[in-house]
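1. Predicted coordinates and the sequence they were generated for:
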Amino acid sequence: MKTPRAVFVCQECGAQAPKWMGRCTECGAWNSLVEERPVDPEVAPGANRYAQFGAGGSAKLYAEVDIADAVRLSTGIDEFDRVLGGGVVPGSLVLLGGEPGIGKSTLLLQAAAHFARAVGPVLYASGEESEHQIKTRGDRLGIGDAPLYLLSETCIERILEEIARLKPSLVVVDSVQTVFSIKFQSAPGSIGQVREAATQFLFAAKGQNIPTVLVGHVTKDGSLAGPKVLEHVVDTVLYFEGERHHAHRVVRAVKNRFGAVSELGVFEMTGTGLRPVPNPSKLFLSERASGTPGSAVLCCVEGSRPILVEVQALVSTSTYGNARRMAIGLDQNRVSLLLAVLEKRAGLNLAGDDVYVNIAGGMTVEEPAADLSVVAAIASSVRNRSLAPATAIFGEVGLSGEIRAIPQAALRIREAAQMGFTRIVMPAANVDRGDPSLTTTAGSPKPPGEGGTLELVGVRTVGEALDSLIT
């Protein structure tokens, strides 16, 4: 019997080479080629193991396909259900990634316990911790008695045997980088092993209609470790984010076949586990100091949820030749662009000043609607004049200094009104579009719906916005 020929696979991009090389010819990574021996087809018993999913089917006419709404199964954690699109879909494969120690295992253990009590037995397979370590964390979280089965195993075949024996209502694998298949000789975490693990768990989830959650490691640049096919195979990709020095954590959906993308769930880390935060705006603005120059309130939208955050800016004279520009929670290139617009269109001289911009609370904002609030905070710090404490701001700034319209303006205004803000500075195009919730002239009072008055100020240029904000 001929021995299968070994191939060398790059652990960064997945490229294959017939012999070992110090540098990958595809991506240029050094010392990334690892030897992998493929399975001998003469040894593999029976038919192709990949033919079990969806085999033996004939094509159907589009009009003849019956559609049934998938029943959502709640995890017992409202914020987690929000990110998933309303709950777990039977047979779905979910991938949850995040930094080490961020709380992935804690969140999934809490969700597994709630799911076990409400729906049925849950299998929690861990390749990183023993049953005693998981039980210790569960006692701290106050899980109590629940039909939750713990399995400390790294072999895929053993995990699949337990799934077939227990027939659980939910499977959690922590983590996909620690499991391995006996069909491959490469180490756990290699491209071949991760690809095989994702494929086998996909077949188990779809074939037995069991929702499965995989925990994934992330690389030093914040992306999920392993081949890109791992993200393509799964139905939902979630990122667990947060700063170690802040109590709140954020779960963000970047891919979801059964719900909205870019949905956001906010949690607070406590001594008894992760606690959902139903009102993130109140959390992020709880320590805001009113009347301080360089502070502005932004109405941003994450998925379908409006959130109010504080944008802080500090402009000081540079003591060295080169001025520094730093941004935390915002794209630094975007901040540099806005500084150039302020110098060219608003007449602010910032060439010799150090500029620091921060989103208070550790939140990350990526949408262009944050431009106007960043500009307002920087101008407030330069002129050393504070903005009105009951003013919220949103809008996109163009290179010519114009303020462009943004989507979901009514949703942002409603959230600001509920938080007690009485003045909204926003693009004039949003005010003039004829939306029934925005039918008002610039600067005229309008009832917010909860009582009181709400003033909508429509602005068209950066100069007009700064004149209305800083007097």
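-> Arrived safely, thanks for sending. Predicted model, so just to flag it, every value in this text is computed and none were measured.
2. Which strand runs longest in this structure?
-> Of all the elements of type strand in the chain, the one with the most residues (DSSP state E) is strand 305-317.
3. Sheet partners, orientation included, of it?
-> Strand 305-317 has its sheet partners listed here by DSSP bridges as strand 295-302 (antiparallel), strand 353-359 (antiparallel).
4. List the buried residues of it.
-> With burial defined by 16 or more other CB atoms under 10 Å, the residues of strand 305-317 counted as buried are 305-315. In this view, the C-beta of every residue, glycine as well, is placed from N, C-alpha and C.
5. okay, now Ser126: neighbour count?
-> 23 (other CB atoms under 10 Å).
6. quick one: contacts for it?
-> Residues in contact with Ser126 (CB atoms under 8 Å, 6 or more residues apart in numbering) are 105, 134, 150-152, 174.
7. Go through those residues and flag which are in strands.
-> In strands, defined here by DSSP E, the members of the contacts of Ser126 are 150-152, 174.
8. circling back to that earlier point, winner for burial among the strands paired with strand 305-317?
-> Among the strands paired with strand 305-317, strand 295-302 has the highest mean neighbour count (mean count of other CB atoms under 10 Å), at a mean of 25.
9. For the longest strand of the chain, what does the pLDDT average out to?
-> Strand 305-317 shows a mean pLDDT of 94.
10. which residues are contacting the helix or strand containing Ser281?
-> Assigned by DSSP states H and E, Ser281 belongs to helix 280-284. Applying CB under 8 Å, 6+ apart, the external contacts of helix 280-284 come out as 248, 264, 266, 268, 277, 305-310, 360-361, 363, 415, 419.
11. chain center to that helix, what's the gap?
-> Computed by CA atoms, centre = their mean, to the nearest Å, the chain-centroid distance of helix 280-284 equals 18 Å.
12. By neighbour count, which bits of that helix are buried? Give me those.
-> Those would be 280-281, 283-284, for helix 280-284 by 16+ other CB under 10 Å.
13. what does stretch 184-198 give?
-> Buried residues in stretch 184-198, counted by 16+ other CB under 10 Å: 184-186, 188-198.
14. likewise stretch 79-86?
-> Those would be 79-85, for stretch 79-86 by 16+ other CB under 10 Å.
15. quick one: which of those residues sit in helices?
-> Mapping these onto helices (DSSP state H) picks out 79-84.
16. before we move on, the earlier item: put the buried members of the ones in strands among the contacts of Ser126 into a ChimeraX selection.
-> Command for ChimeraX that selects the buried part of the ones in strands among the contacts of Ser126, burial taken from 16+ other CB under 10 Å:
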select :150,151,174
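17. Reformat the ones in strands among the contacts of Ser126 as TSV; add pLDDT and distance to Val431.
-> Below are the ones in strands among the contacts of Ser126 laid out as TSV (pLDDT from 0 to 100; distance: CB to CB, whole Å):
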residue	pLDDT	distance to Val431
Leu150	96	57
Leu151	96	58
Ser152	95	60
Asp174	94	50
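18. middle-most residue in the chain, spatially?
-> Centroid-nearest residue in the chain: Arg252, 2.3 Å away (criterion: CA atoms, centre = their mean).
19. Which strands and helices lie in contact with whichever strand or helix holds that residue?
-> In the assignment (DSSP H and E), Arg252 maps to strand 248-256. Using 3 or more CB pairs under 8 Å, 6 or more residues apart in numbering; DSSP states H and E, the elements in contact with strand 248-256 are helix 78-84, strand 236-241, strand 264-270.
20. got the angle between that strand and strand 264-270?
-> Counting by axes from the mean of the first three to the mean of the last three CA atoms, to 10 degrees, strand 248-256 lies at 150 degrees to strand 264-270.
21. List the contacts of strand 248-256.
-> Strand 248-256 is contacted from outside by 79-80, 83-85, 96, 102-103, 107, 231, 234-242, 259-269, 274, 277, 280, 283, 302-303, 361-364, using CB under 8 Å, 6+ apart.
22. Likewise for stretch 71-88?
-> Stretch 71-88 is contacted by residues 89-90, 94, 107, 110-111, 113-115, 117-119, 169-170, 211, 236, 238, 251-253, 256, 258-260, 263-267, 274, 276-278, 305 when judged by CB under 8 Å, 6+ apart.
23. Filter those residues down to the buried ones.
-> Taking 16+ other CB under 10 Å as the criterion, what is buried in those is 89-90, 94, 107, 110-111, 113-115, 117, 119, 169-170, 211, 236, 238, 251-253, 256, 258-259, 263-267, 274, 277, 305.
24. who's in contact with Gly98?
-> The contact partners of Gly98, taken as CB under 8 Å, 6+ apart, are 104, 218, 239-241.
25. Could you rerun that using 6 Å?
-> Contacts for Gly98 were tallied using CB atoms under 6 Å, 6 or more residues apart in numbering; they are 104, 240.
26. And the residue lying closest to Ile359 once chain neighbours are set aside, what's its pLDDT?
-> Among residues not flanking Ile359 along the chain, Gly329 sits closest, at 3.0 Å (CB to CB, 6 or more residues apart in numbering). As predicted, Gly329 sits at a pLDDT of 92.
27. Could you check how many residues crowd around Gly329?
-> 19.
28. What's the separation between it and Ile406?
-> Separation of Gly329 from Ile406 (CB to CB, to the nearest Å) stands at 19 Å.
29. Likewise for Glu153?
-> 49 Å.
30. Then Leu283?
-> Distance, Leu283 to Ile406, using CB to CB: 23 Å.
31. How about Asn384?
-> 29 Å.
32. got it, and Leu230?
-> Counting by CB to CB, the separation of Leu230 from Ile406 is 34 Å.
33. Val171 too?
-> 41 Å.
34. Which of these two has more residues huddled nearby?
-> Shown here are Val171 and Ile406; by other CB under 10 Å, Val171 has more neighbours (27 against 23).
35. give me every residue that touches the nearest residue to that one once chain neighbours are set aside.
-> Nearest residue to Val171, sequence neighbours excluded (CB to CB, 6+ apart): Thr212, at 4.4 Å. Shown in contact with Thr212 (CB under 6 Å, 6+ apart): 93, 171, 201, 205.
36. Could you verify my assumption that the first one touches Val237?
-> In other words, Leu93. No. Using CB atoms under 6 Å, Leu93 makes no contact with Val237, being 10.1 Å away.
37. Compare the two (neighbour count), which wins?
-> Using other CB under 10 Å, the more surrounded residue of Leu93 and Val237 is Leu93, with 23 against 20.
38. that older thread, which of the buried residues of strand 305-317 sits closest to Leu160?
-> Arg305 (37.4 Å; CB to CB).
39. Identify the nearest residue to that closest one in space, disregarding sequence-adjacent positions?
-> Nearest non-adjacent residue to Arg305, counting by CB to CB, 6+ apart: Leu264, 5.6 Å away.
40. Show me the beta-bridge partners of the one you found.
-> Here Leu264, judged by DSSP bridges, has bridge partners Arg252.
41. mind listing what it touches?
-> Going by CB under 6 Å, 6+ apart, Leu264 touches 252, 302-303, 305.
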